[in-house]
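# Take this sequence and fold it.
(one chain, ligands or ions: 1)
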Amino acid sequence: MAMKDKYEFWFVVGSQFLYGNEVLDIVARRALEMADKLNRGGKLPCRVVYKATVKTAEEADETVKLANFDDRCAGIITWCHTFSPSKMWLNAIKKLQKPWCHLATQYNRTIPDREIDMDFMNLNQAAHGDREHGFLGARLRAPRKVIAGFWQDASLQKRIGEWMRVAVGVAFSKSLKIMRFGDNMRDVAVTEGDKVGAQEVLGWHCDTWPVGRLVEYIEAVSDKDVNALMEEYRRLYVFNTKNLQSVRYQAKAEIAMRRLFEENGIGAFSNTFQDLYGMEQLPGLATQRLMAQGYGYGGEGDWKVAGMTAVLKAMSEGLKGGTAFMEDYTYHLEKGREYSLGAHMLEVCPSLAAGKPKIEVHPLGIGGKADPARLVFEGRPGKAIVVSLVDMGGRLRMIVQDIMCVKPIMKMPNLPVARVMWRAMPNLETGVECWIAAGGAHHTTLSHDVSAGQMRDFARIMGIEFVHITQNTTLEELEHELFLGDLAWKLRS
Ligand code: MN
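Numbering: from 1, shown residues only. I've put the predicted structure just below:
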């Protein structure tokens, strides 16, 4: 179900009885008008619903209890039209289990020079009320998002919309189920992690499933279903191979995996070339297609990147830039033209493709299986981020780097996989030094649609460490931040 149908956000306005019923009527009327105009502004992915003007602790409590247990409510947006004493919000905010945005705005854009008097001041004192409300959030160390500005401005509505997408990602994450075919690749460290810890913090339910079950599902796929999917492939892709048997096997694998996922409510999956017992090929095209449909994926048993990719795809639903599982492969170190080349053995999501992908069949040097079909394409240029989630022992660290994707500077005609080329911030050398200092993985989620700011908000809501490498980052500052972060997170846990 689309996020606009599945979720809504509650607009909860703070006030008190001090100013009389006439003022409260105006507050309620304006809150309804604001919710309506926010919805009609075209910048929000989900609806805002005016829920209550809170005047007592009991009302705050009741609203939050309802929000916590309403699956449609993906978060609350609070605002104080008047002054709203915040001790009455304290117990409610402590109970709140949904993402919280504190909107610091006011009904009127300007101060009316001639008309302003004390009645106007008492009605329109958001600057006063929002500070009291804000102190409580700070005092409780509550993970809130503060957005300040005039509510009718497109730029402010856009920020609310971006935060809503984060909140949708949080709701998705808390019910995400990850299917692991086989374990992590032998001897690899960075793809490992504490699955119970990840479930506790992020909500991910991550379990192993036998490859043999998948093989049974693959064998049960009918020729008719394969034929229909082959037609779809012909519409969407250029066939650059005569080996149709290989493509048909991938179609079977796609249908089989999708069936398994739908039957078990799965949102992400991982597999490993070391455990393909009974399969003819490593799923390449099949995995690429499933990612394009919104499933998260991680190679070599990397369930962490599978989960992150699924979350970013959920956050960016309906956007067109692309979000994919990625791997840093190799560098171009020519002075002044330094780039990273990202790809994977097979599995790069075609949501990144600059043109029409080609289906090709080539041998795969590892895994000992038949030549797998895969989609080959170039990634599109533009600003993007790469996101890595690593287990530091006792806690998760999210590392985000700003990157600029470019059209690959060479054709690479013998490279048999999809390829993406980018310039890491602040530059390749410092960017790599910072990434390695922070322990970032070779596997990442690359996204054109989700911003680093949104990932910061996600990390804040989930209570995990966030490290951001930007065009202004220096190694010295980053090392200092990591050192202090280590101390702080040890105290927290
Ligand atoms: Mn890999």
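
# which residue is nearest the middle of the chain?
L312 (2.5 Å; CA atoms, centre = their mean).

# Need the three-state assignment for it.
helix (DSSP: H, G, I helix; E, B strand; the rest coil).

# which residues sit in contact with the residue of the chain at minimum distance from the ion?
At 4.1 Å from the ion, G299 is the closest residue in the chain, using CB to the ion. Just so you know, the C-beta spots here come from the backbone N, C-alpha and C atoms, and that holds for glycine as well. Neighbour list for G299: 270-273, 325, 327, 344-345, 347, 443 [criterion: CB atoms under 8 Å, 6 or more residues apart in numbering].

# Wait, K4 touches V48, no?
No. With contact defined as CB atoms under 8 Å, K4 and V48 do not form a contacting pair (11.7 Å).

# So which residues on the chain come close to the ion?
With CB under 5 Å from the ion as the criterion, the chain meets the ion at residues 299-300, 327.

# re earlier: kindly provide the distance from the residue nearest to the centre of the chain to R180.
From L312 across to R180, the span is 19 Å (CB to CB, to the nearest Å).

# and what of V387?
The gap separating V387 from R180 is 20 Å, by CB to CB.

# Using the three-state scheme, assign Y329.
With three-state DSSP as the criterion, Y329 reads strand.

# I misspoke; the intended subject was M121.
Assigned with three-state DSSP, M121 falls in the helix class.

# quick one: contacts for it?
Contacts of M121 by CB under 8 Å, 6+ apart: none found.

# domain parsing for the protein?
3-174, 177-492 (automatic domain parsing).

# Turn those into a markdown table, including mean pLDDT.
As requested, the domains of the chain are exported to a markdown table (pLDDT from 0 to 100):
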| stretch | mean pLDDT |
| --- | --- |
| domain 3-174 | 95 |
| domain 177-492 | 96 |
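
# In the stretch 101-250 of the chain, mark out all the strands, start to finish.
Secondary structure of the stretch 101-250 of the chain (DSSP state E, counting those that start in this stretch): strands at 144-148, 177-181, 205-209, 238-239.

# what's the most buried one of these?
strand 177-181 (a mean of 23; mean count of other CB atoms under 10 Å).

# Paired strands for that one, with orientation please.
Using DSSP bridges, the strands paired with strand 177-181 are strand 205-209 (parallel), strand 268-270 (parallel).

# outside of the last one, which residues touch it?
Just to be clear, that refers to strand 268-270. Residues outside strand 268-270 that contact it (CB under 8 Å, 6+ apart) are 176-181, 257, 261, 290, 295-303, 306-307, 309-310.

# Export only the CA atoms of the next helix or strand after it, formatted as PDB.
Sequence order places helix 285-292 as the next helix or strand after strand 268-270, per DSSP states H and E. The C-alpha trace of helix 285-292 is given here as PDB (Å, rounded to 0.1, in the frame of the first residue of the first chain):
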ATOM      1  CA  LEU A 285      18.900 -10.400 -12.900                       C
ATOM      2  CA  ALA A 286      16.300 -11.900 -10.400                       C
ATOM      3  CA  THR A 287      17.900 -10.000  -7.500                       C
ATOM      4  CA  GLN A 288      18.100  -6.800  -9.500                       C
ATOM      5  CA  ARG A 289      14.500  -7.000 -10.400                       C
ATOM      6  CA  LEU A 290      13.400  -7.600  -6.900                       C
ATOM      7  CA  MET A 291      15.400  -4.500  -5.700                       C
ATOM      8  CA  ALA A 292      13.600  -2.400  -8.300                       C
END
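
# Give me the helices and strands touching the following helix or strand past helix 285-292, please.
In the C-terminal direction, the helix or strand that comes right after helix 285-292 (DSSP H and E) is strand 296-298. In terms of contacts (3 or more CB pairs under 8 Å, 6 or more residues apart in numbering; DSSP states H and E), strand 296-298 is packed against strand 268-270, helix 285-292, helix 303-315, strand 323-334.

# now with 7 Å?
strand 268-270, helix 285-292, helix 303-315 (3 or more CB pairs under 7 Å, 6 or more residues apart in numbering; DSSP states H and E).

# what about these, which gets the closest to A126?
helix 303-315 (29.2 Å; CB to CB).

# what does that closest one rub up against?
165-166, 168-169, 172-173, 176, 178, 180, 191, 193, 202, 204, 206, 267-270, 294-298, 323, 325, 387, 389, 443-445, 447, 450, 454 (CB atoms under 7 Å, 6 or more residues apart in numbering).

# Check stretch 198-217 too.
Here stretch 198-217 makes contact (CB under 7 Å, 6+ apart) with 173-182, 195, 256-257, 259-260, 275-279, 303, 307, 396, 462-464.

# and the residues of the chain next to the ion as a markdown table, adding distance to E481?
A markdown table is the format used below for these (distance: CB to CB, whole Å):
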| residue | distance to E481 |
| --- | --- |
| G299 | 30 |
| E300 | 29 |
| E327 | 26 |
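
# quick one: which of those is nearest Y237?
G299 (21.4 Å).

# how about S351, what does it touch?
292, 322-324.

# secondary structure class for it?
Assignment for S351 (three-state DSSP): helix.

# Which one of the helices and strands packed on strand 296-298 lies nearest to M230?
Proximity to M230, assessed across these by CB to CB, is greatest for helix 285-292 (11.1 Å).

# List the buried residues in the closest one.
Residues of helix 285-292 classed as buried by neighbour count (16 or more other CB atoms under 10 Å): 285-292.

# likewise stretch 424-437?
In terms of neighbour count (16+ other CB under 10 Å), stretch 424-437 has its buried residues at 424-426, 428, 430-435, 437.

# Ok, stretch 258-277 next?
Quick answer for stretch 258-277 (16+ other CB under 10 Å): 258-261, 266-276.

# got it, and stretch 397-404?
397-403.

# Please convert the residues you listed to JSON lines, extending it with secondary structure and distance to R234.
Formatted as JSON lines, the buried residues of stretch 397-404 follow (DSSP: H, G, I helix; E, B strand; the rest coil; distance: CB to CB, whole Å):
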{"residue": "R397", "secondary structure": "strand", "distance to R234": "44"}
{"residue": "M398", "secondary structure": "strand", "distance to R234": "40"}
{"residue": "I399", "secondary structure": "strand", "distance to R234": "40"}
{"residue": "V400", "secondary structure": "strand", "distance to R234": "38"}
{"residue": "Q401", "secondary structure": "strand", "distance to R234": "38"}
{"residue": "D402", "secondary structure": "strand", "distance to R234": "38"}
{"residue": "I403", "secondary structure": "strand", "distance to R234": "34"}
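
# Looking at the residues you listed, spot the one nearest L375.
The closest of these, once distances to L375 are taken by CB to CB, is I403, at 21.8 Å.

# Quick check: bridge partners of the residue lying closest to that closest one once chain neighbours are set aside?
Once flanking residues are discounted, I403 sits nearest to W422: 4.3 Å by CB to CB, 6 or more residues apart in numbering. Counting by DSSP bridges, W422 is bridged to S340, C405.

# And for R144?
Assessed by DSSP bridges, R144 has beta-bridge partners W100.

# Surely it is in contact with H102?
Yes. Using CB atoms under 7 Å, R144 makes contact with H102 at a distance of 5.1 Å.
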